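1. Generate a structure from the sequence data that follows.
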Amino acid sequence: MKCFVCLCFILSLIGCFGGRPDPQMDGAIDASVANLRSIINDKMASNKLGLTSAADDLWVASAYKNIGLMLQSKGIRQHLGGDRLQREALENYNLALSIDKGRTISLNIQILYLKGMLLKMMGLGKESLDSLDKLERDYPLS
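-> Numbers count the residues shown, from 1 in each chain. Here you go, the predicted structure:
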């Protein structure tokens with residue numbers, strides 16, 4: 001009986017820390033990412049002159065941030081393939097920052113924080129500190 005209890009305990013620990021992929025959740029994330037990318041592409045294609053409003057830029061930057069957050073979440077749950085997803089999430093955070101160009105304070109605070117935490121998880125301590133230092137420097141708390 002003790003062996004059975006120990007075995008159950010060990011299997012539950014493996015399940016908790018193993019980060020088993022959930023195909024249903026992964027499918028929902030993939031569909032959401034594809035949907036946002038499709039909308040971004042449609043917005044870009046309909047804008048033949050390359051002129052965007054601040055509201056358009058905010059929407060696209062927010063969409064890239066959300067894509068990054070979803071990919072980061074999926075990468076955390078999947079220990080296998082997580083590095084690729086984290087790099088892709090980082091690319092989306094950088095795109096969001098480049099599009100908004102610091103105009104929307106709350107969005108930039110979110111992105112710089114998420115980027116800093118992602119870099120920390122990736123083991124890039126110096127880059128993480130740089131992102132968080134920029135957050136503190138550009139948006140000091142009153």
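2. use CA for all of it now, contacts and neighbours both
-> OK.
3. In the helix or strand hosting residue 59, which of the residues would be classed as buried?
-> Following DSSP states H and E, one finds residue 59 within helix 54-77. Buried residues in helix 54-77, counted by 16 or more other Cα atoms under 10 Å: 56-77.
4. and what of stretch 108-124?
-> 108, 109, 111, 112, 113, 114, 115, 116, 117, 118, 119.
5. how about JSON lines for those residues, with distance to residue 31, secondary structure and pLDDT added?
-> Below are the buried residues of stretch 108-124 laid out as JSON lines (distance: Cα to Cα, whole Å; DSSP: H, G, I helix; E, B strand; the rest coil; pLDDT from 0 to 100):
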{"residue": "108", "distance to residue 31": "25", "secondary structure": "helix", "pLDDT": "90"}
{"residue": "109", "distance to residue 31": "27", "secondary structure": "helix", "pLDDT": "91"}
{"residue": "111", "distance to residue 31": "22", "secondary structure": "helix", "pLDDT": "93"}
{"residue": "112", "distance to residue 31": "25", "secondary structure": "helix", "pLDDT": "92"}
{"residue": "113", "distance to residue 31": "25", "secondary structure": "helix", "pLDDT": "92"}
{"residue": "114", "distance to residue 31": "22", "secondary structure": "helix", "pLDDT": "93"}
{"residue": "115", "distance to residue 31": "23", "secondary structure": "helix", "pLDDT": "93"}
{"residue": "116", "distance to residue 31": "26", "secondary structure": "helix", "pLDDT": "93"}
{"residue": "117", "distance to residue 31": "25", "secondary structure": "helix", "pLDDT": "92"}
{"residue": "118", "distance to residue 31": "22", "secondary structure": "helix", "pLDDT": "93"}
{"residue": "119", "distance to residue 31": "25", "secondary structure": "helix", "pLDDT": "92"}
